[in-house]
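Peer 1: Sequence and predicted structure are below.
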Number of protein chains: 2
Amino acid sequence: MSPIDALDARVLELFAAEPRIGVLEASRRLGVARGTVQARLDRLARTGVVRGFGPEIDPAALGYAVTAFVTLQLAQGRGHDPVAARLAAVPEVIEAHTITGSADMLCRVVARGNRDLQRVIDMIVAVRGVERASTVISLADQIPHRTLPLVRAAAQQP
Amino acid sequence: MSPIDALDARVLELFAAEPRIGVLEASRRLGVARGTVQARLDRLARTGVVRGFGPEIDPAALGYAVTAFVTLQLAQGRGHDPVAARLAAVPEVIEAHTITGSADMLCRVVARGNRDLQRVIDMIVAVRGVERASTVISLADQIPHRTLPLVRAAAQQP
DNA sequence: CGTTGGCTGGGCAGGTTGTCCAGTGTTTCC
DNA sequence: GGAAACACTGGACAACCTGCCCAGCCAACG
């Protein structure tokens, strides 16, 4: 069976839409007892489905208008972790994965503009263990990061 | 000057670390008046720096253990938006960008496993306007999505 | 058939929120 | 130089919510 049910999905949906409402108001809107909402939230947090309720920050609003994806080829035989650790020192590197395929890592980076992006890329290629970098710029965020459809899908699983 | 200052950064950092503390406790920890924290949060929300406080959902905990990046080549002359709209109908497509370079779009997708990933990719290539898809799988999330370093950097700007 | 687990509806004390206010220091602009 | 605008402080208030507890009920499970 799925790790969540329909009520979990409704709870998550509601809190995604209006995070500030609080448990009591949520229970009213969902037509269940307050304790139930509280119990569901506790469980969702305990099982790791919801990682937290931290503020979602928009890099663009901070002045980082450009998003780019950088694929890296690394020097062989030295492992990925040390490179990742050094990449983590660059604030503009917002995310990094090791990947399959001909490249070794995929990073998401932001910059204040295209000129600034050059600076960020220079910092990345200067990292020891990085052999080459190939960059594509995001022109439009056609589907902004979302997880609600997943929640709905998971809730309908047997 | 930067859109945020050092106090904004401290507020964001605190709420990122402990989202449940509330305005009053935050003001105590930061050593400022409650109204100040409230005003800062209001402004950060108004200017779009903080998009919201929604629950952060972990697809892995929902059973979607595999993350992959799919680059798409689209049929020419029909635009990106209709394709994006149809991709949005696939719950497993968590994010999509139009990009520079030889491909046209980059999608982040999740799946329950490698076999399930095949199903998701089939759904994507079945989308009208998608000519080819090339997939790389994320082996490890070396740097999980983060924005705090950016906040700190932005706060130090003149 | 008894047990377990989840939901309901309720009650309680304590803390927090939203919203005022006056006072003060700083910056900006005539 | 002075006035206005702005942000922060410290304090107050009522209303509300949270965390926590409880008893009772129901369904599923062994």
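Peer 2: That came through fine.
Peer 1: my read is A:V11 is in a strand, agree?
Peer 2: No - counting by DSSP: H, G, I helix; E, B strand; the rest coil, A:V11 falls outside a strand, being helix.
Peer 1: Quick check: it touching A:T36?
Peer 2: No - counting by CB atoms under 8 Å, A:V11 does not reach A:T36; the two are 9.0 Å apart. C-beta coordinates here come from the backbone N, C-alpha and C atoms, glycine included.
Peer 1: Tell me how chain A divides into domains.
Peer 2: Following automatic domain parsing, one gets these domains for chain A: A:6-55, A:59-137.
Peer 1: quick one, which of the ones you listed is nearest to B:H145?
Peer 2: Evaluated over the domains of chain A, closeness to B:H145 peaks at domain A:59-137, with 4.7 Å, by CB to CB.
Peer 1: Tell me which of the domains of chain A approaches DNA strand D most closely.
Peer 2: Ranking the domains of chain A by proximity to DNA strand D (CB to the nearest atom of the strand) places domain A:6-55 first, at 2.8 Å.
Peer 1: packing partners for the helix or strand containing A:L106?
Peer 2: Secondary structure here is read from DSSP states H and E; on that basis A:L106 sits in strand A:105-111. The contact analysis (3 or more CB pairs under 8 Å, 6 or more residues apart in numbering or on different chains; DSSP states H and E) places strand A:105-111 against strand A:66-74, helix A:81-87, strand A:93-99, helix A:114-125, strand B:130-143.
Peer 1: so A:L24, which of the three states?
Peer 2: On the three-state scheme (three-state DSSP), A:L24 is labelled helix.
Peer 1: Give the full set of residues in contact with the nearest residue to it once chain neighbours are set aside.
Peer 2: Ranked by CB to CB, 6 or more residues apart in numbering or on different chains and with sequence neighbours excluded, the top spatial neighbour of A:L24 is A:R34, at 5.5 Å. Residues counted as contacts of A:R34 (CB atoms under 8 Å, 6 or more residues apart in numbering or on different chains) are A:V23, A:L24, A:S27.
Peer 1: Got the phi and psi for A:R34?
Peer 2: Its backbone dihedrals place A:R34 at phi -60, psi -40, with angles given as degrees, to the nearest 10.
Peer 1: quick one: pLDDT of it?
Peer 2: The model reports A:R34 with a pLDDT of 96.
Peer 1: on that earlier part again, with neighbour numbers in mind, choose between A:V11 and A:T36.
Peer 2: Higher neighbour count among A:V11 and A:T36: A:V11, with 25 against 16, using other CB atoms under 10 Å in any protein chain shown.
Peer 1: ok, the strand holding A:L106: who's next to it in the sheet?
Peer 2: Here strand A:105-111 is paired, per DSSP bridges, with strand A:66-74 (antiparallel), strand A:93-99 (antiparallel).
Peer 1: Pick the most deeply packed of these.
Peer 2: Between the strands paired with strand A:105-111, strand A:93-99 has the highest mean count of neighbours, a mean of 23, where neighbours are mean count of other CB atoms under 10 Å in any protein chain shown.
Peer 1: Show me the contact partners of it.
Peer 2: Strand A:93-99 is contacted from outside by A:59, A:71, A:80, A:84, A:87-88, A:104-110, A:120, A:124, B:67, B:69, B:136-147, B:150, using CB under 8 Å, 6+ apart.
Peer 1: can you check stretch A:68-81 too?
Peer 2: Residues outside stretch A:68-81 that contact it (CB under 8 Å, 6+ apart): A:83, A:98-99, A:102-111, A:117, A:121, A:124, A:129-138, B:97, B:99, B:106, B:140, B:142.
Peer 1: possible to save the domains of chain A as CSV with distance to DNA strand D?
Peer 2: Shown next, in CSV, are these (distance: least, CB to the nearest atom of the strand, whole Å):
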stretch, distance to DNA strand D
domain A:6-55, 3
domain A:59-137, 17
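Peer 1: Which one, of those domains, ends up nearest to B:V50?
Peer 2: Closest among these, using CB to CB: domain A:6-55, at 4.4 Å.
Peer 1: returning to that earlier point: can you list the strands paired with strand A:105-111 in JSON lines and add mean pLDDT?
Peer 2: Written out in JSON lines, the entries for the strands paired with strand A:105-111 read as follows (pLDDT from 0 to 100):
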{"stretch": "strand A:66-74", "mean pLDDT": "98"}
{"stretch": "strand A:93-99", "mean pLDDT": "98"}
